[in-house]
Structures are given as C-alpha cells and as structure tokens.
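>>> Provided below for reference: sequence and predicted model.
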Amino acid sequence: MTIKIPYGTKFQFDQHTFRFGQEVVELIDSSPIKDNPGALRSRFQEDGYLFIRGFHDAQKSQLAASFTLGAIADRGGLKEGTPIESRIVGRENQSFSFFRQTEVAHAKEILDLVDSNDTFCFFERFFHNKKVITFDKRWLRCMANGGCNHFHYDQVYVGRGTPNRCTMWSALTDISLEDGPLVICLGSHQHKKLRETYGKMDMDRDLIDAVFTSDPAELVHKFGFKLATAHFHPGDVVIFGMFMMHSTAPNLSDRYRISIDTRYQPADEERDDRFFFREDGKWLGNFYNKGVTYKPMDELRRQWGLT
C-alpha cells in the first residue's frame, strides 16, 4: 500500500526539522504516465525528475534486497540473532557500498532489476527510441544508522561525454522518512548561476571537493529551493538529470537502508569512460589522482559569489 505523507509531518534532516507542505513536499508520482514517453519527457524537462512508483517488479526488488542483505550478513554487518529480512544493523554500525565488489553489485539478482528488459525498453522510449547503454559501475549502497550522502550535482562526478544522461535511484527496501530517503531540491536544475559555476566543474579534472553543501537549510533559506522526498517502497525509482541537486537524509533507524543508483544514456553518444570496464576488468572511477590536494568547496563558492 502506498503511504502518503500528511501535511505538517515533521522531517528530521541532521539538526534541522522541516514540515511537509512548507519547506518540504512529496514527490509527484509519474507512474500514471509511465507508458507515455512524450508526457514523461515534458514533465522531466519542467520538473527535472520523474518519480515512478512500482517501476521495478516487486518480486525482483525483493530478491535484490534479500541478496544484498545476505552479502551484508556474510560480512558481519547484521545484528546477531536477528532475521536477515529485519535488516537490523549490527553492533559495529557499518555501512556498505558495494561499488567495486562486482560479485555483489553485478550479481544476477541485482542486474535482473536494473538491467532488465523493462528498464532498457523504458529508457529507449524515453531517449526517442535510441539504443541505450548503462554504466558498468553500479552504486549499490547500504546505509547504517547515521549514513547519508551530501548535496551535489551528478554532473560534477559523472558528467563527461554526453549531457543526455539520466540517473535512476532505485529503492530496494522500504524507506521511510526515518530510514534516510532520497531528497531533491526542486528547481535546482534550472538555477542559472549554479549551473554556470558549480555545474561546470569536473571533480577529477579540476581537483575539487565535489559536495556543494551538507546543509539542507541553506538550500531552503538561502537558495529558495523546496525539498522533495517520499516514503519509498521496494521498486520505486526517481529518475533525474545531471543538474538536479540531491542528497539522502541520514538514516535515523536501526535498519539498513538499501538503494542502488545507475546511469543510462543513448549508446551512440559520448560515454564517460571512467565508469566502464577496461581491459583489466575494472573501471577508473573518481579520485584517481593520487597524492593531490582537492580544493575546498567553500573557497570555490566564495569565488562564485554563492556563499
């Protein structure tokens, strides 16, 4: 059953408390227009994102989550004596990011979901019936208590090659407001100054700290953005472009929050080769400049007049 968030509900994000209907709103569900590519493209252009409930098959989503929890259990991450499906975090409170562990992130249970025929058919229609490819790197994240990301544009991390690229964030477990859901900043994809300064950066080329801010209140009160999120169910997804400011809220629960983000683009457009397998069976990724100092974002923001 889909859980709607009532007006006035409190949303805790670090030390800040926001309320639904004021500083934060619920994502608009695009599942009613999922099979209408033209309507999807129009909404994506205007809103900067597509939230689609039940995008992935529910059974496949459950299998992917169960497999990932098994990988966590094998590494001692779950609380002793608790059933795997409860997702209870162990004493070490360890988060797991199965990025380079291809035996996990590229397992059949995972790829049957994010590389499914339904997924590729969706993106092929979305990209005007073009053949589609996806990055070899899969960002499979398992956040323990306190685990989160910080606000950024994907462009700064994975923006080389075509600008015609989408991120798909997929919930593999039930993710309530307490579990640390994905949060986007409405209208941030159209913020001219952000796009022309921060959005022009490449963290590896320009040697910069890529996180724009860790403070959601700054984005609300200084930049005027509304935050948007939802109570996610397994198989729900959010699809967004390279210039959508987003983060995840801290996980305030004792359960693992499991999600995976993947990237899709037309096959005939330029790739970002950092995230595709090389001959050695690995990808380069970010942070490949060894022994260098990354310029602090605060310093750059002062130069850009975005403090």
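All right, it came through fine.
>>> Low-confidence bits of the stretch 1-150 of the chain, can you list those?
Counting by pLDDT under 70, the stretch 1-150 of the chain contains low-confidence ranges at 1.
>>> All the helices of it, residue numbers only.
All helices of the stretch 1-150 of the chain, identified by DSSP state H, counting those that start in this stretch, fall at 37-47, 58-74, 102-105, 108-114, 117-126.
>>> In terms of secondary structure, what does the longest one contact?
Using 3 or more C-beta pairs under 8 Å, 6 or more residues apart in numbering; DSSP states H and E as the contact criterion, the elements in contact with helix 58-74 are helix 102-105, helix 108-114, strand 139-143, strand 257-266. Placement of C-beta: from N, CA and C, glycine included.
>>> Kindly recompute the last result at 7 Å.
Using 3 or more C-beta pairs under 7 Å, 6 or more residues apart in numbering; DSSP states H and E, the elements in contact with helix 58-74 are helix 108-114, strand 139-143.
>>> what angle sits between that helix and strand 257-266?
Calculated by axes from the mean of the first three to the mean of the last three C-alpha atoms, to 10 degrees, helix 58-74 forms an angle of 120 degrees with strand 257-266.
>>> So what touches helix 58-74?
With contact meaning C-beta atoms under 7 Å, 6 or more residues apart in numbering, helix 58-74 is reached by 78, 84, 87, 96, 98, 104, 107, 109-110, 112-113, 140, 142, 172-173, 234-235, 256, 258.
>>> Buried among these? Need that as a selection in ChimeraX.
Filtering the contacts of helix 58-74 down to the buried ones (16 or more other C-beta atoms under 10 Å) takes a single ChimeraX command:
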select :78,87,96,98,104,107,109,110,112,113,140,142,172,173,234,235,256,258
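>>> can you redo the helices and strands packed on helix 58-74 as JSON lines with distance to residue 20?
JSON lines is the format used below for the helices and strands packed on helix 58-74 (distance: least, C-beta to C-beta, whole Å):
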{"stretch": "helix 108-114", "distance to residue 20": "29"}
{"stretch": "strand 139-143", "distance to residue 20": "22"}
